[in-house]
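Undergrad: structure for the following, please:
(one chain, ligands or ions: 1)
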Amino acid sequence: MSPSLTGKVALVTGASRGIGRATALALGKEGASVVVNYVSSTDAAEEVVKEIGTDRAVAIKADVSKIDDIKSLIQQIVKQFGKIDVIVLNAGLLWQNGALSNVDESAFDKIFQTNVKGPFFLIQEAANHVPDGGRVLLFSSSLTAVSIITPNYLLYVATKGAVEQMTRVMAKDLGKRGITVNTISPGPISTDTYFVGKTEEMIKLQRTFAPANRIGTPEEVADVITFMASDKSQWINGQNIRINGGMTIVTRTVMACVDISGD
Ligand code: NAP
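TA: As a prediction, this is how the structure comes out:
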């Protein structure tokens, strides 16, 4: 089968590590030209570019929580590629200390700027450069739908709830041009950040959230995104795609999770 994304230009925010990295590589494998955005990991971003091929990929440093950086990022992409067919708004902060009593104003602003304000204004800035039939994919989390949520995730899921509502309404707006807007909502995925602050016991428990008794991989999320980026996903619009191996249907261990649930 020929690659499904030949001739398309894809921007993946936060593509130096984790799910963003796997996504950039998967889109590149399907023939897309890929912009590998990052904020600090220059070497890791350049490695991703090298793996895709320097003829089709470029690394661009930009803090996508800041409007000036967003403007500069979009300008550089348009100058080099002329358009952006696929926008994957993967960059985000996973915040596990967001309980009501812990959060101060600067923590609140930082996570909302990265997870909500950045994606909002990036889409606004890029919209005129997305051809009809383009794709926008935002990022939430399966935590917005599970009953095992614990108080420390208050701030994180507040940002992801906002993303889900932005998706629903933007889909109506951009959908007039055949541009689809959807949310990707992973369950626990084995990125470096996922493991930070978690004991072996917590990870073991979180494996049981899925009937297959394991957590997901960045590549499993990237595979779904590759389909969503293709022409074959045209009739999926305004939806929340949960990629979690069945996590939300698990009802056992609820009480055991009170102190150790995680993303
Ligand atoms: P990760 O491993 O922490 O990687 C984060 C990536 O985002 C890095 O490439 C980082 O760049 C980049 N980044 C962070 N802040 C940025 C900014 N302001 N501007 C530009 N780039 C920025 O994250 P992940 O675990 O792959 O998660 C990716 C997305 O999936 C997030 O939106 C997260 O909420 C969501 N999610 C993850 C899980 C999970 O279990 N992993 C579950 C549900 C949802 P540098 O390397 O340059 O710092």
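Undergrad: pLDDT of stretch 143-162, averaged?
TA: Mean per-residue pLDDT for stretch 143-162: 92.
Undergrad: strands of this protein, start to end?
TA: 9-12, 33-38, 57-61, 86-88, 135-139, 180-186, 240-243 (DSSP state E).
Undergrad: let me have those in a markdown table, extended by mean neighbour count, distance to the ligand and mean pLDDT.
TA: Glycine gets a C-beta too; all of them are placed from N, C-alpha and C. Listed next are the strands of the chain as a markdown table, based on neighbours: other C-beta atoms under 10 Å; distance: least, C-beta to the nearest ligand atom, whole Å; pLDDT from 0 to 100:
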| stretch | mean neighbour count | distance to the ligand | mean pLDDT |
| --- | --- | --- | --- |
| strand 9-12 | 29 | 9 | 99 |
| strand 33-38 | 28 | 4 | 99 |
| strand 57-61 | 20 | 8 | 98 |
| strand 86-88 | 28 | 10 | 99 |
| strand 135-139 | 26 | 4 | 98 |
| strand 180-186 | 24 | 4 | 98 |
| strand 240-243 | 19 | 9 | 98 |
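Undergrad: what about these, which gets the closest to residue 157?
TA: In terms of C-beta to C-beta, the element of those nearest to residue 157 is strand 180-186, at 10.9 Å.
Undergrad: quick one: the closest one to chain centroid distance?
TA: Taking C-alpha atoms, centre = their mean, to the nearest Å, one finds strand 180-186 lying 8 Å from the centre of the chain it belongs to.
Undergrad: do the longest helix belonging to the chain and the ligand meet?
TA: Looking across the chain with DSSP state H, the single longest helix is helix 154-174. No. Helix 154-174 lies out of reach of the ligand by C-beta under 6 Å from any ligand atom, never closer than 7.0 Å.
Undergrad: just for this structure, where's the confidence low?
TA: Applying pLDDT under 70 to the chain flags residues 1-2, 248-263.
Undergrad: residues of it that sit close to the ligand?
TA: Taking C-beta under 6 Å from any ligand atom as the contact definition, the chain meets the ligand at 13-20, 37-41, 44, 63-65, 90-92, 94, 114, 139, 141, 186, 188-189, 191-194, 263.
Undergrad: filter those residues to the buried ones?
TA: Using 16 or more other C-beta atoms under 10 Å as the burial test, these include 13-20, 37-39, 41, 63-65, 90-92, 94, 114, 139, 141, 186, 188-189, 191, 194, 263 as buried.
Undergrad: who's in contact with the spatially most central residue of the chain?
TA: The chain has residue 90 as the residue nearest its centroid, 2.5 Å off, counting by C-alpha atoms, centre = their mean. By C-beta atoms under 8 Å, 6 or more residues apart in numbering, residue 90 lies in contact with 12-15, 19-20, 23, 139.
Undergrad: please repeat the previous calculation with a cut-off of 7 Å.
TA: Listed by C-beta atoms under 7 Å, 6 or more residues apart in numbering, the contact set of residue 90 reads 12-14, 19-20, 23, 139.
Undergrad: if we ignore the residues flanking it in sequence, what's nearest it?
TA: residue 20 (4.1 Å; C-beta to C-beta, 6 or more residues apart in numbering).
Undergrad: go ahead and confirm the one you found touches residue 10.
TA: No. Using C-beta atoms under 7 Å, residue 20 is not in contact with residue 10; the gap is 11.2 Å.
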